[in-house]
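A.B. asks: sequence unknown, structure follows:
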């Protein structure tokens, strides 16, 4: 937004704030250089000594208001494992109208050598620029001469015309942070929604209003050459909203088992431009509403679904003998999944025409699933695009109607009172089953009837069934047969490995470092994802049998054993997200020779969480010379919140303890 032919006088951002900056570039102390350990976390490989950022909106005669971001960062390397922190990425946004630009970039390595401070500067030519995706580029900074004990310092500015792309700020990193501070200065004309996330409390959270001003210079040019031109100065005052947030002694963010993405839980503040309101003008909305996003997406892609009439004949041929909507959907889905290869790109908009996608036999996630929707529409099935954020892209905040929260698109098929979510990018998945990356809360279904939020879950049951039937031989080994049936998500990776690497490599992976001897192996449904992936092996096993004198100790779990509790921490701030419910059933039968008797067996037991959200059953029976062990382990919901963590952790403790019990036999 421009005021006209104006010139503006600004002060430097770092000295405009009343508070003193917590860090000054180049002012590294001897104490920081001599530091050998971070006292609040002795295991830390590195520590962020200070991270300070300022974002403000400035005005320029040529381009109006724009964003200016300045940062100073200092890191101490404590061990060789901390050398990874000698790499830093600066992400820059771009589109067809322009790009964000870096200026004032300086990076220095400080080392203490023979009592003297040695500085090694990063050279401009060593900064690598790469394209990350269609709208993001990266400038990669790598510090030279990094050693244990080095201090790394960085400062840079980013100038941006994209006022919607206000810099978020992370107060937490994967190493400890002594001090992290972020300040913002936003004129009264701009309204940003702020979203604080994470579990680290702020030590400073200040906000204030101040009168700010800019001096405007205008020039009146005379019509002739006799009278000189006149220059006038005007002062425009406005209210500036100022914020300061800071956190000290922030612990390192540590990834826990079964969590989505760190970007959902790391302590940070996010900004979304809601609207602008300038004097004498109306409100210009940027965030809009979810209905606005629905209408916008339909405007851009509605024709892709209802158009492309060349697909009609192909669809008619595919469904010529199909009567029910379910059969038509299955035939079209199978055709797209098996004939169009995913190129590995996750997109929410197609970048190529559907005819080209068909000719090339490959496409992005958007191209494949919009093609699927268009073909379903030709078959008389209502098909809607569903915008989704994958697990590594983060949760969707329903309170913030911003389309940038999504990064891929699925297809929703609707008929009668039924509906199904479809994704045809993965040839290992059956119809109606989404990639695990898409199991992330809710998706945004776009429709001319109005948008709706749909749960991203799988109707296909995930289950592994293992049947192990063995005889204890005279050679003191287990000889017999192992049957494995995998369905749902448990079948995806094994099937991919088998089809991608072949049978021999699959068997090597199955055996691993175990001393199994396979004599015969058979597989079923290798190429049919609609059916369970099945395998049968005839083998002998020795490592699960221990003989001490005349006493045998046998572990009944040759597969499917929880070796250790994945939940090590006593407390947890984040939900436990398994993605989808699952079940594992293990049946072990051991036939004993006549000269061996049972001395002791594991006790049968049932362990369950409230509401049977997780359940474990161990049943042990001795019938003559046959010992039967049946183990049933089930997780019956996808996500457990923090309040359930203690019970869930204890549940796994008991499962691990129970499965560690052995069968004790005595040889006569």
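C.D. replies: Sure, I can see it. Keep in mind that what you see is a predicted model, and the values were worked out from it rather than measured.

A.B. asks: For stretch 190-206, buried residues please.
C.D. replies: For stretch 190-206, burial by neighbour count (16 or more other C-beta atoms under 10 Å) applies to 190-192, 197-198, 200, 202. Backbone N, C-alpha and C define where each C-beta goes, glycine included.

A.B. asks: what comes up buried for stretch 550-561?
C.D. replies: In stretch 550-561, counting by 16+ other C-beta under 10 Å, buried: 552, 554-558, 560-561.

A.B. asks: Same question for stretch 178-193.
C.D. replies: 178-187, 189-192.

A.B. asks: Spell out the residue ranges of the helices in the stretch 201-350 of the chain.
C.D. replies: Assigned by DSSP state H, counting those that start in this stretch, the stretch 201-350 of the chain shows helices spanning 290-306, 311-318, 325-339.

A.B. asks: so where is this protein shaky, pLDDT-wise?
C.D. replies: For the chain, the stretches with pLDDT under 70 are 1-18, 215-233.

A.B. asks: which residues in it form helices?
C.D. replies: With helices called from DSSP state H, the chain shows them at 13-16, 30-34, 290-306, 311-318, 325-339, 354-360, 365-378, 492-501, 503-511, 645-659.

A.B. asks: Give me the helices and strands touching the fourth one, please.
C.D. replies: Packed against helix 311-318, as judged by 3 or more C-beta pairs under 8 Å, 6 or more residues apart in numbering; DSSP states H and E, are the following elements: helix 325-339, helix 365-378.

A.B. asks: elements contacting the last one?
C.D. replies: Judged by 3+ C-beta pairs under 8 Å, 6+ apart, the packing partners of helix 365-378 are helix 290-306, helix 311-318, helix 325-339, helix 354-360, strand 382-388, strand 408-415.

A.B. asks: Run through who's touching the third one.
C.D. replies: Same thing as helix 325-339. 315, 318-319, 322, 361, 368, 371-372, 375-376, 379-381, 413, 415-416, 418, 420, 422, 424-427, 429, 431 (C-beta atoms under 8 Å, 6 or more residues apart in numbering).

A.B. asks: Can you flag the buried ones in those residues?
C.D. replies: 315, 318-319, 368, 371-372, 375-376, 379, 381, 413, 415, 420, 422, 424-427, 429, 431.

A.B. asks: domains for the chain, by residue range?
C.D. replies: The chain is divided into the following domains under automatic domain parsing: 13-285, 290-455, 462-667.

A.B. asks: Just name the most buried of the ones you listed.
C.D. replies: Most buried of the domains of the chain by mean neighbour count (mean count of other C-beta atoms under 10 Å) is domain 290-455; its value is a mean of 19.

A.B. asks: so how far is that one off the chain centroid?
C.D. replies: Mean-position distance between domain 290-455 and its chain equals 21 Å (C-alpha atoms, centre = their mean, to the nearest Å).

A.B. asks: what's the span of that domain, first residue to last?
C.D. replies: End-to-end distance for domain 290-455: 17 Å, by C-alpha to C-alpha, to the nearest Å.

A.B. asks: what's the spacing between residue 409 and residue 346?
C.D. replies: Residue 409 is 9 Å from residue 346, where distance means C-beta to C-beta, to the nearest Å.

A.B. asks: Quickly list what's touching both of the two.
C.D. replies: Common neighbours of residue 409 and residue 346 (C-beta under 8 Å, 6+ apart) are residue 365.
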